[in-house]
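K.L.:
sequence unavailable; structure follows:
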């Protein structure tokens, strides 16, 4: 029997925790709720959620610092749910590793749709028996483990969202990938918010691959058209 995905909910507002838990449970997810970062982090030692919904206004921990730690150490999809509506807050959250950003007050139906969209890519790849290990330019990408192995040996964690973007590039090397193709493949709503999220994820990938941001060797920006991955790729 297939086990339902687990969603961890971290928010200090009881009404928000209850609402999210109920709507996600009704949609077929398992849920675990936490009011404080300390208990949430303790639970991560015992279980690995598929997705984490994280409020930034926590009483015992800086929410952005927690998001950054999750991005570095967890393969879970990370979705910020926050009352901070400024563009810079959203950009910072994405740059630190979040996969999505939802502003309070929110529509519960939209939260369910965002969680499903974030989990769909990885689960569909596994269900279809897709290869998850690829070699390129001396690097090894282990997409099921959300990890990059550098040519000189060190392992570098990547987030689920970064793994989804990297898989898209690795499956279509030396071909132009337009913004529209990215939106159709990865999900999300076309527009400035989606474009910014893609820019941030690609920037993070370039950094982890040791790319010169002014003259990247592997992930090239074709201005006004999209991106192209220039490496030779071998799947195993």
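P.N.:
Perfect, thanks for sending it. Note that the structure is predicted; figures quoted are calculated from it, not measured.
K.L.:
give me the most central residue, this protein.
P.N.:
In the chain, the centroid-proximal residue (C-alpha atoms, centre = their mean) is residue 161; its distance is 2.9 Å.
K.L.:
pretty sure that residue sits against residue 75.
P.N.:
No. With contacts counted by C-beta atoms under 8 Å, residue 161 stays clear of residue 75, the gap being 10.9 Å. C-betas here are computed from N, CA, C, even on glycine.
K.L.:
contacting residues for residue 17?
P.N.:
9, 11, 33, 34, 35 (C-beta atoms under 8 Å, 6 or more residues apart in numbering).
K.L.:
low-confidence ranges, this structure, go.
P.N.:
Applying pLDDT under 70 to the chain flags residues 1-2, 121-130, 187-193.
K.L.:
outline the domain layout of it.
P.N.:
Under the assignment automatic domain parsing, the domains of the chain span 6-126, 131-235.
K.L.:
does the residue nearest to the centre of the chain sit in a helix or strand, and which one?
P.N.:
helix 160-171 (DSSP states H and E).
K.L.:
buried residues in the helix or strand just after that helix?
P.N.:
Downstream of helix 160-171, the first helix or strand assigned by DSSP H and E is strand 176-178. For strand 176-178, burial by neighbour count (16 or more other C-beta atoms under 10 Å) applies to residue 177.
K.L.:
most tightly surrounded among the domains of the chain?
P.N.:
Between the domains of the chain, domain 6-126 has the highest mean count of neighbours, a mean of 18, where neighbours are mean count of other C-beta atoms under 10 Å.
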